[in-house]
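> Provided below for reference: sequence and predicted model.
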Amino acid sequence: MQIQFSWGATRFVILIGTIAIKIARLRPFRGLQRLLEHWINGEVKERLLTFAENPFLAGIRYIFSGIIANRNERRLWQEFPRRFLIPTLYSFGPLINIQKRGEKISQEELDASHPFQGFLEGMPPKLIADMTRATNFCRYKGRICLVDYGNDEALAFFLLPQPSDATLTLVNMARN
Ligand SMILES: Nc1ncnc2c1ncn2[C@@H]1O[C@H](COP(=O)(O)OP(=O)(O)OP(=O)(O)O)[C@@H](O)[C@H]1O
Ligand SMILES: [Mg+2]
């Protein structure tokens, strides 16, 4: 059985058989290094504010962002399992998530047939950047699915029913 490994910024991923094992990374040293870099550039406050309003909380969120991502993916899949999300099958606490395994796709493939084009218009710019990056998608059962739906902005957006849901449902019905 072929095993592959992949590193995301917040999770270490083991691809084995038909599943993906997503292990949360803790980043205390990387956090300190980034803090030092931003301090030298005079950007500490601005950078921390992208994680939380309270600088201490921001540091904590940075270090534990893999855990937060696993928890968010599990929650979104349980509460709103849309067809364009790759299934999150199981969680061993927030440290390890088990997902169905997809196959890598190219940026050209994603650009040509994005699975939720209709949603992109209503998203904040930072989320759009994430949701148009091919490394966050895979092909699963012939369709393109999002594999990285762990960030807080994605959770907040996809937990709400969106006007495009109706259109996407019609498109999906037409495809089946
Ligand atoms: N279900 C899956 N099937 C196949 N490959 C996957 C799956 N989930 C993740 N991967 C691979 O692992 C990589 C990292 O996963 P993911 O993007 O979910 O982690 P992350 O740490 O949240 O990433 P980021 O660096 O975007 O913050 C992906 O780019 C992809 O190549
Ligand atoms: Mg990712």
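Structure received. Ligands and ions are numbered 1, 2, ... in the order given.
> Can you tell me the closest non-neighbouring residue to Phe92?
Spatially, and ignoring its direct neighbours in sequence, Phe92 is nearest to Ile98 (7.8 Å; CB to CB, 6 or more residues apart in numbering). C-betas here are computed from N, CA, C, even on glycine.
> I'd assumed that neighbour was in a helix, is it?
No: assigned with DSSP: H, G, I helix; E, B strand; the rest coil, Ile98 falls outside any helix and is strand.
> how near is it to ligand 1?
Computed as CB to the nearest ligand atom, to the nearest Å, the Ile98 to ligand 1 distance reads 9 Å.
> what pLDDT does that residue get?
For Ile98, the pLDDT comes out at 98.
> try Val44
For Val44, the pLDDT comes out at 73.
> Now do the contacts for it.
Val44 sits next to Leu35, His38, Pro55 when contact means CB atoms under 8 Å, 6 or more residues apart in numbering.
> Could you pick out the buried ones from the residues you listed?
Applying 16 or more other CB atoms under 10 Å to the contacts of Val44, the neighbour count classes Leu35 as buried.
> ok, stretch 112-132 near ligand 1 or not?
No: judged by CB under 6 Å from any ligand atom, stretch 112-132 and ligand 1 are separated, with a smallest distance of 7.1 Å.
> Can you list the residue ranges for helices in the chain?
Residue ranges of the helices in the chain, as given by DSSP state H, are 28-41, 44-49, 55-63, 65-79, 107-112, 117-120, 125-130, 152-159, 164-175.
> Return the most buried member of those helices.
Highest mean neighbour count of the helices of the chain: helix 65-79, a mean of 20 (counted as mean count of other CB atoms under 10 Å).
> ok so, going back, and for the residue nearest to Phe92, the neighbour number?
By other CB atoms under 10 Å, the residues close to Ile98 number 16.
> do you know how far it is from Asn54?
Distance from Ile98 to Asn54, counting by CB to CB, to the nearest Å: 33 Å.
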